[in-house]
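Engineer: I would like to see how this sequence folds:
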Amino acid sequence: MRVIRHLPAVRPRLERAVLTLGNFDGVHRGHQAIVARAVAVARAHGGLAVAALVSPYRGTRAEVREMVTGTGGTFVEVFVDTPLAVVEERDMVMLNEQRAEAAPATPPSVPAQATWSQVIEPNPPLLFRFSAIRFNSHRIHYDRDYVTTVEKLPGLVVQSSLVSQLLMEMCRKELPARQLKSFDFKSARQIYDTGKFTINGTPSADGREAQLWALDQQGRVSMAATAKFA
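Structural biologist: Take a look at the predicted model:
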């Protein structure tokens with residue numbers, strides 16, 4: 001593995017590079033196939049396999065690094081030095097299939113009485129557009145034939161990142177004078193585009209934080225979150 005701080009330093013090696021670009025929100029089967037294909041093509045042509053991650057998560061970088069080096073490739077991590085007006089740091093933790101199956105089967109309960117509530121109707125254009133702006137090419141979010149015949153799921157998967165973004169936007173709408181300081185969430189189950197779902201929230205008495213949650217079409221908790229304000 002090599003860590004590159006400036007793009008000019010790696011430019012000569014990119015002449016035969018095979019690039020895979022995306023927002024790897026975890027390393028799912030589709031991501032693994034894409035990276036493995038990039039490594040195979042790069043090795044066949046004597047080039048370099050590059051996994052370019054848009055807004056990469058700390059844990060995801062480690063997973064991609066392990067995948068690339070494990071298949072004989074060279075992992076190059078590039079940092080672009082540029083001033084930023086807003087810095088957002090995310091650290092996602094995801095269970096692998098074995099750990100997910102071993103997780104407690106007891107569904108979480110609704111955390112509180114809702115003060116805010118909004119009904120969301122997921123539809124293919126919404127899911128496709130959200131995937132597009134995040135460079136997320138995973139077909140489970142926009143290809144109904146694939147998700148129902150290959151993945152054997154009941155419908156298109158609503159992105160957990162979309163659900164969390166909707167919960168954050170609820171905070172902005174209901175508490176416009178408050179600046180969001182941190183947002184922690186945990187996904188309990190997937191939401192599909194087979195019907196409407198709801199997002200809900202309730203603020204603390206002092207307005208310094210809020211509990212938020214999303215309920216799927218059957219009224220089950222899909223995501224629970226805590227927002228804290230400056």
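Engineer: show me where the protein has helices.
Structural biologist: Residue ranges of the helices in the chain, as given by DSSP state H, are 7-10, 29-44, 58-70, 97-102, 124-133, 144-149, 160-174.
Engineer: quick one, what contacts residue 211?
Structural biologist: 111, 112, 201, 202, 204, 224, 225, 226 (CB atoms under 8 Å, 6 or more residues apart in numbering). Every residue, glycine included, has its C-beta placed from N, CA and C.
Engineer: returning to that earlier point: okay, the helices of the chain in JSON lines with distance to residue 20, mean pLDDT and mean neighbour count next?
Structural biologist: Below are those laid out as JSON lines (distance: least, CB to CB, whole Å; pLDDT from 0 to 100; neighbours: other CB atoms under 10 Å):
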{"stretch": "helix 7-10", "distance to residue 20": "16", "mean pLDDT": "54", "mean neighbour count": "12"}
{"stretch": "helix 29-44", "distance to residue 20": "4", "mean pLDDT": "81", "mean neighbour count": "17"}
{"stretch": "helix 58-70", "distance to residue 20": "9", "mean pLDDT": "72", "mean neighbour count": "16"}
{"stretch": "helix 97-102", "distance to residue 20": "22", "mean pLDDT": "55", "mean neighbour count": "8"}
{"stretch": "helix 124-133", "distance to residue 20": "16", "mean pLDDT": "92", "mean neighbour count": "14"}
{"stretch": "helix 144-149", "distance to residue 20": "19", "mean pLDDT": "93", "mean neighbour count": "14"}
{"stretch": "helix 160-174", "distance to residue 20": "19", "mean pLDDT": "94", "mean neighbour count": "18"}
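Engineer: now these in CSV, with distance to residue 21?
Structural biologist: Formatted as CSV, the entries for the helices of the chain read as follows, by distance: least, CB to CB, whole Å:
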stretch, distance to residue 21
helix 7-10, 14
helix 29-44, 10
helix 58-70, 12
helix 97-102, 26
helix 124-133, 13
helix 144-149, 20
helix 160-174, 17
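Engineer: of the ones you listed, which is nearest residue 17?
Structural biologist: With CB to CB as the measure, helix 29-44 is the member of those nearest residue 17 (7.1 Å).
Engineer: for that closest one, name the packing helices and strands.
Structural biologist: Counting contacts by 3 or more CB pairs under 8 Å, 6 or more residues apart in numbering; DSSP states H and E, the secondary-structure elements packed against helix 29-44 are strand 18-22, strand 49-53, helix 58-70.
Engineer: how about residues contacting it?
Structural biologist: Helix 29-44 is touched from outside by 16-20, 22, 24, 27, 47-51, 64, 67-68, 71-73, 137-140, with contacts defined as CB under 8 Å, 6+ apart.
Engineer: by how many degrees do that helix and strand 49-53 diverge?
Structural biologist: Between helix 29-44 and strand 49-53, the angle formed by their directions is 150 degrees, by axes from the mean of the first three to the mean of the last three CA atoms, to 10 degrees.
Engineer: gap between helix 29-44 and the chain center?
Structural biologist: Offset of helix 29-44 from its chain centre (CA atoms, centre = their mean, to the nearest Å): 20 Å.
Engineer: now it - C-alpha only, CSV.
Structural biologist: Below are the C-alpha coordinates for helix 29-44, written out as CSV (Å, rounded to 0.1, in the frame of the first residue of the first chain):
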residue,chain,number,x,y,z
ARG,A,29,-20.9,-8.1,-2.7
GLY,A,30,-21.4,-5.7,-5.6
HIS,A,31,-18.5,-3.5,-4.3
GLN,A,32,-16.3,-6.6,-3.9
ALA,A,33,-17.0,-7.7,-7.5
ILE,A,34,-16.2,-4.2,-8.9
VAL,A,35,-12.9,-4.0,-7.0
ALA,A,36,-11.9,-7.6,-7.9
ARG,A,37,-12.6,-6.9,-11.6
ALA,A,38,-10.5,-3.7,-11.5
VAL,A,39,-7.6,-5.6,-10.0
ALA,A,40,-7.9,-8.4,-12.6
VAL,A,41,-7.9,-6.0,-15.5
ALA,A,42,-5.0,-4.0,-14.1
ARG,A,43,-2.9,-7.1,-13.6
ALA,A,44,-3.6,-8.3,-17.1
